[in-house]
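Peer 1: Coordinates for the following, if possible.
(one chain, ligands or ions: 1)
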Amino acid sequence: MTPAPSPSPAPSAHPRHGRPATGRRRPRWTTQAAALAAGLLTLFSPAAWSAEHVIRMLDVGTDGPMVFEPAWVQAEVGDTLRFVPTSSGHHVRSLAVPEGASPWLSPLDQPFEVRLERPGLYVYNCPPHLMMGMVGLVQVGPGAAAPNRERAIATLKATKGRIYTHGERIDALLQALK
Ligand SMILES: [Cu+2]
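Peer 2: This is a model prediction of the structure:
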């Protein structure tokens with residue numbers, strides 16, 4: 001015969017015996033100091049200063065068909081680009097990046113992130129729609145000081161020669177560089 005299990009102690013209705021509820025509260029200044037410390041930690045962490053730039057890949061945008069929106073982005077080192085395939089049939093490939101930065105080629109119809117580790121100019125396109133002017137430009141840091149400025153401008157001009165429609169988008173990107 002199995003002995004009956006011994007009864008476990010009944011849970012106490014008052015686990016913190018008789019301690020007044022107010023006694024467990026922290027003094028107000030402690031809470032404020034903790035909040036301040038947490039705020040300072042957030043303020044000085046690199047993540048607090050970096051931004052995410054969302055670039056949608058669209059069949060139709062405000063600038064016409066087959067377009068990155070926005071096609072021009074001003075960013076800072078440490079920021080992230082997030083390409084979003086809002087319409088299907090697009091992806092993104094870098095055409096020119098600063099020295100030391102990694103070129104990229106995203107899978108078709110997939111969201112894709114690029115962390116901007118180097119200052120300079122990043123020229124990119126959507127390979128299936130290059131001829132339709134689906135090109136974009138990211139400037140990281142000041143454009144005049146971009147270490148690959150001449151190379152990026154040459155890439156943009158060469159790309160314009162391969163575009164059948166909306167070549168004026170390249171002109172707009174070159175204008176934005178000034
Ligand atoms: Cu495309």
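Peer 1: any idea how far the longest strand seen in the chain is from the chain center?
Peer 2: Longest strand in the chain, counting residues (DSSP state E): strand 52-61. Between the centre of strand 52-61 and the centre of its chain there are 12 Å (Cα atoms, centre = their mean, to the nearest Å).
Peer 1: Could you list the contact residues of this structure toward the ion?
Peer 2: Counting by Cβ under 5 Å from the ion, the chain comes close to the ion at 90, 126, 129, 134. From N, CA and C alone the C-beta is placed, and that goes for glycine too.
Peer 1: Tabulate the residues you listed (JSON lines), appending pLDDT.
Peer 2: JSON lines is the format used below for the residues of the chain next to the ion (pLDDT from 0 to 100):
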{"residue": "His90", "pLDDT": "98"}
{"residue": "Cys126", "pLDDT": "98"}
{"residue": "His129", "pLDDT": "98"}
{"residue": "Met134", "pLDDT": "98"}
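Peer 1: counting contacts, what elements does the longest strand of the chain pack onto?
Peer 2: Identification of packing neighbours for strand 52-61 by 3 or more Cβ pairs under 8 Å, 6 or more residues apart in numbering; DSSP states H and E yields strand 64-69, strand 72-75, strand 80-84.
Peer 1: list the buried ones in it?
Peer 2: 53, 55-58, 61 (16 or more other Cβ atoms under 10 Å).
Peer 1: out of these, who's nearest Pro119?
Peer 2: His53 (15.1 Å; Cβ to Cβ).
Peer 1: so what's the closest one closest to, chain neighbours aside?
Peer 2: Leaving aside its sequence neighbours, His53 sits nearest to Val73 (Cβ to Cβ, 6 or more residues apart in numbering; 4.9 Å).
Peer 1: Then Glu117?
Peer 2: Ala101 is the one closest to Glu117 (Cβ to Cβ, 6+ apart), at 6.0 Å.
Peer 1: and the residue nearest to His53, how far is that from the ion?
Peer 2: 17 Å (Cβ to the ion, to the nearest Å).
Peer 1: Ala146: which of the buried residues of strand 52-61 is nearest?
Peer 2: Closest to Ala146, out of all of the buried residues of strand 52-61 and judged by Cβ to Cβ, is His53, at 16.9 Å.
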